[in-house]
Every structure is written in C-alpha cells, then in structure tokens.
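Asks: no FASTA, just this:
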C-alpha cells in the first residue's frame with residue numbers, strides 16, 4: 001500500500017480550487033481523462049461508495065463531459081453494491097464493503113450496467129471511525145476496461161474531507177493511467 005496525503009496537499013488546497021469544490025489538479029486530471037476517452041472513442045461510468053458522488057462531480061465539471069461520461073451509481077448502502085452493481089453477496093458478508101475485490105466488482109458492474117468502455121469505482125473508510133475492522137484511510141479503487149481490471153489500494157490520511165478528495169484524485173490518476181495519452 002502506498003501512503004498518500006492527497007498528493008501532498010492540505011485540506012484547504014483540496015476543497016478550494018479553480019473548479020468548484022475540486023482542486024484544480026483534479027479538474028486537470030478530469031480534462032485529461034475526457035480528452036483520452038474522446039481520442040479513442042470510449043466512455044466511462046463511475047460506481048462510488050466512499051466518495052459519495054464527488055468523483056462523478058469532478059468528471060462532469062469538465063465542459064463537454066457528456067461526450068464521454070455515461071453516468072454513475074452512488075451505492076453507499078452495502079446491499080446496493082450487491083443488488084444494483086452485482087457485487088457478490090457472499091464476499092460482502094465475509095469481508096464487508098471495504099475490500100479490493102469489492103472495488104473490482106463495483107467497477108465491472110457499473111461498466112456493464114451503464115454500457116461504458118471503462119468502469120471506475122471507489123470504496124473505503126473516510127472516518128471518523130473505523131468500519132468493519134478497517135482503519136480510517138483504507139481505500140480501494142478499481143478501473144475496469146477492455147484490457148481487464150486494475151485495483152489499487154492507496155492508504156490515505158487526514159480528515160474525512162481530505163480522504164474523500166484524495167480518493168477522487170487517486171481514482172482520476174488511475175483512470176488516466178489506463179488511457180492512452182492525448
């Protein structure tokens with residue numbers, strides 16, 4: 001696991017930026033993602049738990065996002081991960097919603113559900129308390145696409161807002177890293 005503190009920024013840097021509530025770095029990452037998606041004629045859909053809609057908001061903050069952004073599912077409740085996104089109920093029963101395989105299945109499920117080329121997912125614990133034995137700052141992200149699914153588990157620190165916004169940045173970096181540069 002990699003230790004990140006939202007790319008070295010403070011909470012104030014993260015929640016204030018050139019673009020609404022998102023850091024200008026997140027806006028630039030979202031722009032790069034959309035440019036690469038457009039360049040290959042691809043689309044993305046998002047499944048969020050930990051980030052509660054922040055990732056989708058970062059993507060739609062970019063003008064012209066409708067050309068590549070299919071939509072999102074915010075499955076905050078554990079049972080919705082299974083009933084809407086197709087996450088294995090047995091997996092959820094044994095490991096809970098904060099697990100790398102849950103992130104993988106969320107990304108694959110939203111990709112299938114919304115008919116996107118890529119599915120991007122977030123799950124984790126933002127705090128203030130641990131959840132299901134997982135410490136605050138535990139984050140699992142996944143991107144599913146034509147070449148398979150990649151999962152990463154950065155360890156984030158800071159307060160709730162910092163962790164959630166750090167997860168958005170890390171998810172956008174994960175997506176951009178899977179796409180050809182444009």
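Replies: Received it, and whenever you're ready, just let me know what you need. Here the structure is a predicted model, which means the values were calculated and not measured. Numbering: from 1, shown residues only.
Asks: please count neighbours and contacts with C-alpha atoms only from this point.
Replies: Noted.
Asks: tell me where the longest helix sits in this protein.
Replies: Using DSSP state H to assign secondary structure, the helix with the most residues in the chain is helix 160-178.
Asks: need the phi and psi values for the residue nearest to residue 44 when sequence neighbours are not counted.
Replies: The spatial neighbour of residue 44 that comes closest, neighbours along the chain excluded (C-alpha to C-alpha, 6 or more residues apart in numbering), is residue 118 at 4.6 Å. According to degrees, to the nearest 10, the main-chain angles of residue 118 amount to phi -130, psi 140.
Asks: contacts only, for residue 118.
Replies: Shown here is residue 118, whose contacts under the criterion C-alpha atoms under 8 Å, 6 or more residues apart in numbering are 42, 43, 44, 45, 107, 111, 143, 144, 145, 146.
Asks: same thing but at 10 Å, please
Replies: Neighbouring residues of residue 118 by C-alpha atoms under 10 Å, 6 or more residues apart in numbering: 37, 42-46, 69-70, 107-108, 110-112, 143-149, 175, 178-179.
Asks: of those residues, keep whichever come out buried.
Replies: For the contacts of residue 118, a neighbour count by 16 or more other C-alpha atoms under 10 Å gives the buried set as 37, 42-46, 69-70, 107-108, 110-112, 143-145, 149, 175, 178-179.
Asks: so which of the residues you listed are in helices?
Replies: In this view, these that belong to helices under DSSP H are 37, 107, 108, 110, 111, 112, 175, 178.
Asks: from those residues, which is closest to residue 79?
Replies: When these are compared for distance to residue 79 (C-alpha to C-alpha), residue 110 comes out closest, at 15.0 Å.
Asks: and that closest one, how far is that from residue 142?
Replies: 11 Å (C-alpha to C-alpha, to the nearest Å).
Asks: now do the shared contacts for those two.
Replies: Contact criterion C-alpha under 10 Å, 6+ apart; residues bridging residue 110 and residue 142 by contacting each: 46, 47, 119, 120, 121.
Asks: re the thing from before, roughly how far out does the longest helix of the chain sit from the chain middle?
Replies: Per C-alpha atoms, centre = their mean, to the nearest Å, the displacement of helix 160-178 from the mean C-alpha position of its chain is 6 Å.
Asks: now do that helix: which elements does it pack against?
Replies: Under the contact criterion of 3 or more C-alpha pairs under 10 Å, 6 or more residues apart in numbering; DSSP states H and E, helix 160-178 touches strand 3-4, helix 11-15, helix 24-40, helix 54-60, strand 118-124, strand 139-145, strand 148-152, strand 155-156.
Asks: do that again at 8 Å, thanks
Replies: For helix 160-178, the elements it packs on are helix 11-15, helix 24-40, helix 54-60, strand 118-124, strand 139-145, strand 155-156, judged by 3 or more C-alpha pairs under 8 Å, 6 or more residues apart in numbering; DSSP states H and E.
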